[in-house]
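Engineer: What follows is a predicted protein model with its sequence.
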Amino acid sequence: MMKFPRETVKLPSLPQGMLILPLNHNLHSPPQGNPTKVSSESESGLQRFRMINLIWKLTKWSKSSTFAALPPIHTQTRNINTLGVIGSGQMGTGIALVAAKNARVQVLLQDQSSAAQQNSLSFIEKLLAKDVSKDRITESDAQEIKAMIRPVSDLSDFKKVDLVIEAVAENLSLKQSIFSQLATICKPDAILASNTSSISLTKIAASAIAQPTKTTISSQQKSSSTSLSPSRVVGLHFFNPVPVMNLVELIAALQTSQETLKRARDFASRCGKIVTVSKDTPGFISNRVLMPMINEAIICLEEGVATREDIDQTMKRGTNVPMGPLTLADFIGLDTCLSIMQVLYSQTSDSKYRPSVLLNRMVDAGWLGKKVGRGFYEYSE
């Protein structure tokens with residue numbers, strides 16, 4: 001191993017108290033004055049100037065670094081007062097409810113199916129009635145929360161919202177189509193979030209390019225619109241059931257701005273969720289770890305290793321989790337599990353993510369889990 005002499009690098013000795021800087025000095029701007037005119041009573045003045053200059057440069061570097069830590073959630077940002085939710089399924093319904101109930105924002109719930117919207121609103125009313133019966137909220141609170149959630153039929157209704165959360169099926173082309181429209185419809189400072197649990201946010205963000213309208217705009221405005229739209233795309237992965245699970249994964253696309261991350265994190269916290277941060281990698285944190293376990297449990301059932309009950313009991317009692325992997329798959333939705341595994345397998349080519357034959361067959365049969373009354377187990381209302 002090559003050794004260097006200790007004298008190769010010499011650090012200047014700093015006088016005692018050197019790091020105590022003036023309280024009124026602004027580290028966000030460079031030090032003022034000429035270092036050659038610093039008081040000559042001692043070298044401390046010159047060293048102080050150099051130290052402040054170094055700290056200022058390091059501060060600038062850390063702010064521009066791609067890997068700079070997320071700011072604390074109390075950092076002042078523009079408030080989110082209106083939310084648009086795309087999709088009135090399990091996830092969209094849950095997100096709409098916690099946003100109105102906990103964050104107290106106005107919610108527009110968009111779905112092309114009026115029947116699906118009505119089912120969503122009925123389910124929200126049922127959950128609020130349960131909260132009232134358990135004295136968690138008052139009847140007045142329940143009525144106020146219900147009034148904050150309004151169904152809409154078209155994405156054009158999102159022109160003035162501060163945040164949109166897309167909660168549709170795990171289909172990249174579908175999500176890209178939606179975000180392409182949102183980039184043109186929504187106001188320039190609106191956050192465009194996806195509830196995806198596995199798909200690349202960077203690919204989704206790349207589709208969020210505002211298209212020019214009939215109104216003539218300058219090339220500079222076009223360039224600004226094109227550059228800003230992907231920077232406001234972010235991942236907000238809520239967990240099912242949303243009103244119960246107190247976690248949100250925050251995922252930054254390559255294009256996502258720090259301002260977007262700050263505002264998205266603040267909103268998730270207002271919804272009463274703990275926020276974890278993940279890189280934009282297949283499956284993020286949760287599904288990268290969870291899906292191989294669920295898949296292996298299904299393979300064990302398929303190969304006759306054990307019954308569904310014994311598989312679930314072994315994992316539930318042996319690892320001290322609230323439910324076994326097969327029950328959990330039913331709660332997530334077997335179609336959702338299959339979609340996630342397909343994305344993970346296609347992006348990683350890792351065999352542990354290859355969906356089992358039994359899972360494919362159950363989805364083909366329409367046995368999608370608890371939401372339809374049948375999966376690995378049967379469910380009644």
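Structural biologist: Received it, and whenever you're ready, just let me know what you need. Numbers count the residues shown, from 1 in each chain.
Engineer: Please give me every residue in contact with the spatially closest residue to Leu326 that is not a sequence neighbour.
Structural biologist: By the measure of Cβ to Cβ, 6 or more residues apart in numbering, the closest residue to Leu326 outside its immediate chain neighbours is Phe376, 4.3 Å from it. (C-beta placed from N, C-alpha, C; glycine too.) For Phe376, the contact set (Cβ atoms under 8 Å, 6 or more residues apart in numbering) comprises 301, 308, 326-327, 329-330, 362, 369.
Engineer: same deal with Pro355?
Structural biologist: With contact set as Cβ under 8 Å, 6+ apart, Pro355 has these partners: 295, 337-338, 341-342, 345.
Engineer: Top of those residues by number of neighbours, please.
Structural biologist: Ranked by neighbour count (other Cβ atoms under 10 Å), those have Cys337 at the top, with 28 neighbours.
Engineer: Need the contact partners of the strand or helix carrying that one.
Structural biologist: Assigned by DSSP states H and E, Cys337 belongs to helix 334-348. With contacts defined as Cβ under 8 Å, 6+ apart, helix 334-348 is touched by 169-172, 197-200, 282-283, 287-288, 291, 294-295, 329, 350-351, 353-355, 359-360, 362-363, 367-369, 375.
Engineer: ranges for the helices of the stretch 151-300 of the chain?
Structural biologist: Secondary structure of the stretch 151-300 of the chain (DSSP state H, counting those that start in this stretch): helices at 172-185, 201-206, 219-231, 258-270, 286-302.
Engineer: hey, least reliable of these by pLDDT?
Structural biologist: Lowest mean pLDDT within the helices of the stretch 151-300 of the chain: helix 219-231, at a mean of 55.
Engineer: quick revisit: from Ser198, how far out is the residue nearest to Leu326?
Structural biologist: 21 Å (Cβ to Cβ, to the nearest Å).
Engineer: cool, and Leu358?
Structural biologist: Here Leu358 is placed at a distance of 20 Å from Ser198 (Cβ to Cβ).
Engineer: repeat for Met362
Structural biologist: On the measure of Cβ to Cβ, Met362 and Ser198 end up 19 Å apart.
Engineer: re the thing from before, now the buried members of the contacts of helix 334-348.
Structural biologist: The neighbour count (16 or more other Cβ atoms under 10 Å) marks 170, 172, 197-200, 282-283, 287-288, 291, 294-295, 329, 353-355, 359, 362-363, 367-369, 375 as buried among these.
Engineer: quick one: contacts for Cys105?
Structural biologist: Not quite, residue 105 is Val, not Cys. 80-83, 99, 148, 162, 270.
Engineer: Among the residues you listed, which are located in helices?
Structural biologist: Mapping the contacts of Val105 onto helices (DSSP state H) picks out Arg270.
Engineer: The contacts of Val105 in strands, which ones?
Structural biologist: 82-83 (DSSP state E).
Engineer: picking that back up, looking at the contacts of Phe376, which is nearest Gly89?
Structural biologist: Closest to Gly89 out of those is Gly369 (12.7 Å), distances taken as Cβ to Cβ.
Engineer: residues touching the closest one, list them.
Structural biologist: Gly369 makes contact with 329-335, 375-376 under the criterion Cβ under 8 Å, 6+ apart.
Engineer: For my notes, please list the residues you listed in JSON lines and give pLDDT and distance to Asp111 for each entry.
Structural biologist: JSON lines is the format used below for the contacts of Gly369 (pLDDT from 0 to 100; distance: Cβ to Cβ, whole Å):
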{"residue": "Ala329", "pLDDT": "98", "distance to Asp111": "25"}
{"residue": "Asp330", "pLDDT": "97", "distance to Asp111": "24"}
{"residue": "Phe331", "pLDDT": "93", "distance to Asp111": "22"}
{"residue": "Ile332", "pLDDT": "92", "distance to Asp111": "21"}
{"residue": "Gly333", "pLDDT": "94", "distance to Asp111": "17"}
{"residue": "Leu334", "pLDDT": "98", "distance to Asp111": "22"}
{"residue": "Asp335", "pLDDT": "96", "distance to Asp111": "18"}
{"residue": "Gly375", "pLDDT": "98", "distance to Asp111": "24"}
{"residue": "Phe376", "pLDDT": "99", "distance to Asp111": "28"}
